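J.: Task: produce atomic coordinates for the following.
(chains A and B)
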2 protein chains.
Amino acid sequence: MINFEEAYRKVMQHTLDLGVEDVGLLKSTGRALAEDIMADRDFPPFDRATKDGIAINYSAIKKGVNSFAIEAVLSAGMPQTMLGDTANCMEIMTGAVIPENADTVIMYEQVTIENGVATLSKKPTKGQDVHKKGSDVVTSSVLLKKGKRIGAAEIGVLASVGKSKVQVKRLPKVCVVSTGDELVDVDQVPLAHQIRKSNTLSLFAALQKKGIMAELLHLNDDRKVIKESLSNILKDYDVLLLSGGVSKGKFDFIPEVMEMLGVQKVFHRVAQRPGKPFWFGKQEEMNTVVFSFPGNPVSTFANYHIYFLSWLQKCLGLPQEEKEVLLEESIQIKPPLTRFIQVKTEVKKGATWAKTIRENGSGDLTSLAYSDGFIRLQAREAEYEKGELVPFVATRN
Amino acid sequence: MINFEEAYRKVMQHTLDLGVEDVGLLKSTGRALAEDIMADRDFPPFDRATKDGIAINYSAIKKGVNSFAIEAVLSAGMPQTMLGDTANCMEIMTGAVIPENADTVIMYEQVTIENGVATLSKKPTKGQDVHKKGSDVVTSSVLLKKGKRIGAAEIGVLASVGKSKVQVKRLPKVCVVSTGDELVDVDQVPLAHQIRKSNTLSLFAALQKKGIMAELLHLNDDRKVIKESLSNILKDYDVLLLSGGVSKGKFDFIPEVMEMLGVQKVFHRVAQRPGKPFWFGKQEEMNTVVFSFPGNPVSTFANYHIYFLSWLQKCLGLPQEEKEVLLEESIQIKPPLTRFIQVKTEVKKGATWAKTIRENGSGDLTSLAYSDGFIRLQAREAEYEKGELVPFVATRN
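T.: Below is the predicted model of the structure:
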């Protein structure tokens, strides 16, 4: 048995290089950007009006001109024109190109227009309401760096530079495997001694939030069936997430079968609760990583968020999201196990506080629906005090 | 022009009753639960072993028995059996049904087995490592209440009670409409006076994160085309999100066309920056709500998160997520406009701090990729001080 820090470090040492792929822009939301994105031209690409009103040449103001004959009306989408006489003006709409010979925009609210002549009610400042060419971004400057998760804002930037295809990190192919003869499908009515599958569906949903469409597979507690099935899926997937079959029971065949299939055990059992019988290994030849979680719902859910999500984040080249919260109550954690305790969080005055929730052991599936994550408490002699800052593993995002 | 509070209140007064629909369990992630979920039986449904080891009748311990002949091996998924002699034991695996006549489990770590006899190395306590029938949940108790967003944990609970179909709130059908002759498609090379569409793609991605697959439509600045197109989409969609065409420009036909189509203006223009020319209305007959945002990228992005997401949350019966952050610096906001200022947030000692980012006005699309949201600052004479708590509109979740 190893301790939590060591287990975490070992998991993080076994990340996969997933490579990259091109996806359509509107399919790239949530993905990890794998290329630097450069401006293909200045932005704005031209001197651009930011108000509806009139465009003038400021030199006229200096000469004392206050009324301007209107030469034309310019709207967004029209090619650039030229102000013929710098004592005149052109009406101009937001987004339109400032005409040659003009440099300043005065919004309609400060202009009276009568008989084709615009008269100012307020003296402008030179260059006002003109969004200058290249003032946001100049051609070839890097707008987005690789290693960023693509959100709605990034989609806008990618669109503006014409990236209809975006290079992103490939997501791992994941197979989620449940084991256990007691499990029946969700749409079945279980007999007295049976229960419905839930862990693997929960994992499926969690993976879905990361954009991963996992394959679901169930294996009964039969050594031969398990061996044959795992042999195939090790070839076809980057990651296997298993739930169950790793405890000390007589039908917990997973560790044994894994080693038969050339999956090298990195560790089995971690000094933590819940989630102690966690088995982690890698099939080097097939480049497949195996997270084999204990069958209890809280154990599987905890270890997925503690280990797998950090591992995934690192594989994708995304920064780790380490969070901390303030304890709402004092807690005593006796050695030797590191504890992951379910909490509900509440933000008060900008600070996040965590309150433990009633939980009936690692079989208590429903408790997960009432918590926002786990606080991580190392075993220590001194009590954790109310108001103390502790690490937090979020399960709601 | 109305102020922010009034605009927000009016938007929230125009929510839609979207009704409900049944979706497959694995498609329900992220959706708003529209039914109470009840336990269809006790959970656990039977007295269940939580460790691998042996099951005994505790009365034997009281009689001084320390070695137990093993009658059978019980695994998860086997129907309940009976311990024939209370002086004997059965081996039992995690998840298996405790046999009749047994009440206590002792894990393998505290047992030595030799010649079919298990000898204890530690005295057990009565009932240990038995997860009692109904101790988590009793039949018919409510496990999840309607109005909850379904996450991975809820999927597990729904699966455990056999909900292969789940009743959720219907999502609105949304059409996202860009206007402006200057706009070209992402895969086109714009001419000098043109720019690529970006706002509506950004909105598409933001909606996608809420599970809404929007329709994208572009309209040139032509009154007739706009009228005909909007007339059709008002019939087919619950919500129209428009970007552009609501300023004071001569080609800003949206407000006028909306009223021609029977969309009642609720308000136009809000005393805020960015996002002032926001037009909001409803076609009562067709039960369609129209959010018409200004064309500038920051304005559209801000108003979507400030108004539309709150509106959506309320339509779905989900709680509003009101957030606050601490100011990293002092800021002066002169009346009369409410300001939404882009910030980068950082969590320090459990508290979220906000630092304003360099932004070049509401046309600066790239700034959105560097911010985590907007702080909302009401205009006031007194300066906002460093460390002050202010409302925050997140744009990253």
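J.: Give the helix, strand or coil label for the residue of the stretch 1-150 of chain A found nearest chain B.
T.: The stretch 1-150 of chain A approaches chain B most closely through A:Gly77 (2.8 Å), counting by C-beta to the nearest C-beta. For every residue, glycine as well, the C-beta is placed using N, CA and C. Following DSSP: H, G, I helix; E, B strand; the rest coil, the label given to A:Gly77 is coil.
J.: Can you give me the distance of it to B:Val161?
T.: According to C-beta to C-beta, to the nearest Å, A:Gly77 and B:Val161 sit 57 Å apart.
J.: before we move on, what about A:Tyr237?
T.: Distance, A:Tyr237 to B:Val161, by C-beta to C-beta: 30 Å.
J.: Check A:Val176 too.
T.: Distance, A:Val176 to B:Val161, by C-beta to C-beta: 20 Å.
J.: same deal with A:Lys173?
T.: 30 Å.
J.: between those two, which one's more packed in?
T.: Counted by other C-beta atoms under 10 Å in any protein chain shown, A:Lys173 and B:Val161 do not tie: B:Val161 has more neighbours, with 20 against 16.
J.: Just checking: what are the partner strands of the longest strand anywhere in chain A?
T.: Once chain A is assigned using DSSP state E, the strand that runs over the most residues is strand A:338-348. Strand pairing for strand A:338-348, determined by DSSP bridges: strand A:272-273 (parallel), strand A:351-356 (antiparallel), strand A:373-377 (antiparallel).
J.: Export only the CA atoms of it, formatted as CSV.
T.: Extracted in CSV, the C-alpha atoms of strand A:338-348 (Å, rounded to 0.1, in the frame of the first residue of the first chain):
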residue,chain,number,x,y,z
THR,A,338,-5.8,10.2,3.9
ARG,A,339,-9.5,11.1,4.0
PHE,A,340,-11.7,12.4,1.2
ILE,A,341,-14.8,13.8,2.8
GLN,A,342,-17.9,14.9,0.9
VAL,A,343,-18.8,18.5,1.4
LYS,A,344,-21.4,21.1,0.3
THR,A,345,-19.8,24.4,-0.5
GLU,A,346,-21.2,27.8,0.0
VAL,A,347,-19.7,31.2,-1.1
LYS,A,348,-19.8,33.8,1.6
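J.: what's in contact with that strand?
T.: A:3-4, A:270-275, A:298, A:302, A:306, A:325, A:328, A:331, A:333, A:352-357, A:359, A:367-368, A:370-379, A:392-393, B:323-324, B:352 (C-beta atoms under 8 Å, 6 or more residues apart in numbering or on different chains).
J.: Quick check on those: which are buried?
T.: Buried by 16 or more other C-beta atoms under 10 Å in any protein chain shown: A:3-4, A:270-275, A:298, A:302, A:306, A:325, A:328, A:331, A:333, A:352-354, A:359, A:367-368, A:370-379, A:392-393, B:323-324, B:352, out of the contacts of strand A:338-348.
J.: got a pLDDT number for A:Pro335?
T.: Looking at A:Pro335, its pLDDT reads 89.
J.: Surely it touches A:Gln378?
T.: No: using C-beta atoms under 8 Å, A:Pro335 is not in contact with A:Gln378; the gap is 9.0 Å.
J.: quick one, helices of the stretch 51-200 of chain A?
T.: A:58-62, A:152-160, A:199-209 (DSSP state H, counting those that start in this stretch).
J.: what sits against A:Val161?
T.: A:Ile37, A:Met38, A:Ala39, A:Asp40, A:Leu143, B:Arg196.
J.: Now A:Lys27: phi and psi?
T.: The phi and psi values for A:Lys27, taken as degrees, to the nearest 10, are phi -100, psi 0.
J.: A:Thr300 too?
T.: Dihedral pair for A:Thr300: phi -60, psi -50, per degrees, to the nearest 10.
J.: ok, it to A:Asn199 distance?
T.: To A:Asn199, A:Thr300 is 5 Å away according to C-beta to C-beta.
J.: and for the two, which residues touch both?
T.: A:Ser243, A:Phe293.
J.: The stretch 201-350 of chain A: strands as residue ranges?
T.: A:215-219, A:239-243, A:264-268, A:272-273, A:279-283, A:288-293, A:323-327, A:338-348 (DSSP state E, counting those that start in this stretch).
J.: how about CSV for the ones you listed, with mean pLDDT added?
T.: Listed next are those as CSV, based on pLDDT from 0 to 100:
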stretch, mean pLDDT
strand A:215-219, 96
strand A:239-243, 96
strand A:264-268, 96
strand A:272-273, 96
strand A:279-283, 97
strand A:288-293, 97
strand A:323-327, 97
strand A:338-348, 97
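J.: just to revisit the earlier point, list the contacts for the residue of the stretch 1-150 of chain A closest to chain B?
T.: By C-beta under 8 Å, 6+ apart, the neighbours of A:Gly77 are A:Gly95, A:Ala96, B:Gly180, B:Asp181, B:Glu182, B:Leu183, B:His193, B:Gln194, B:Asn220, B:Asp221.
J.: hmm, try it at 7 Å
T.: Contacts for A:Gly77 (C-beta atoms under 7 Å, 6 or more residues apart in numbering or on different chains) come out as B:Gly180, B:Asp181, B:Glu182, B:His193, B:Gln194.
J.: cool, and A:Thr104?
T.: Residues in contact with A:Thr104 (C-beta under 7 Å, 6+ apart) are A:Ile56, A:Tyr58, A:Pro124, A:Lys126, A:Gly127, A:Gln128, A:Val130.
J.: for A:Thr356, same thing?
T.: Per C-beta under 7 Å, 6+ apart, neighbours of A:Thr356: A:Glu329, A:Ile341, A:Gln342, A:Val343.
J.: ok, 8 Å please
T.: For A:Thr356, the contact set (C-beta under 8 Å, 6+ apart) comprises A:Glu328, A:Glu329, A:Ile331, A:Ile341, A:Gln342, A:Val343, A:Ile375.
J.: swap in A:Lys349?
T.: Going by C-beta under 8 Å, 6+ apart, A:Lys349 touches B:Glu324, B:Ala351, B:Leu389.
J.: one more time with 10 Å
T.: Taking C-beta atoms under 10 Å, 6 or more residues apart in numbering or on different chains, we find A:Lys349 in contact with B:Glu324, B:Leu326, B:Ala351, B:Leu389.
J.: So which helix or strand of chain A has the lowest pLDDT on average?
T.: helix A:254-260 (a mean of 92; mean pLDDT, DSSP states H and E).
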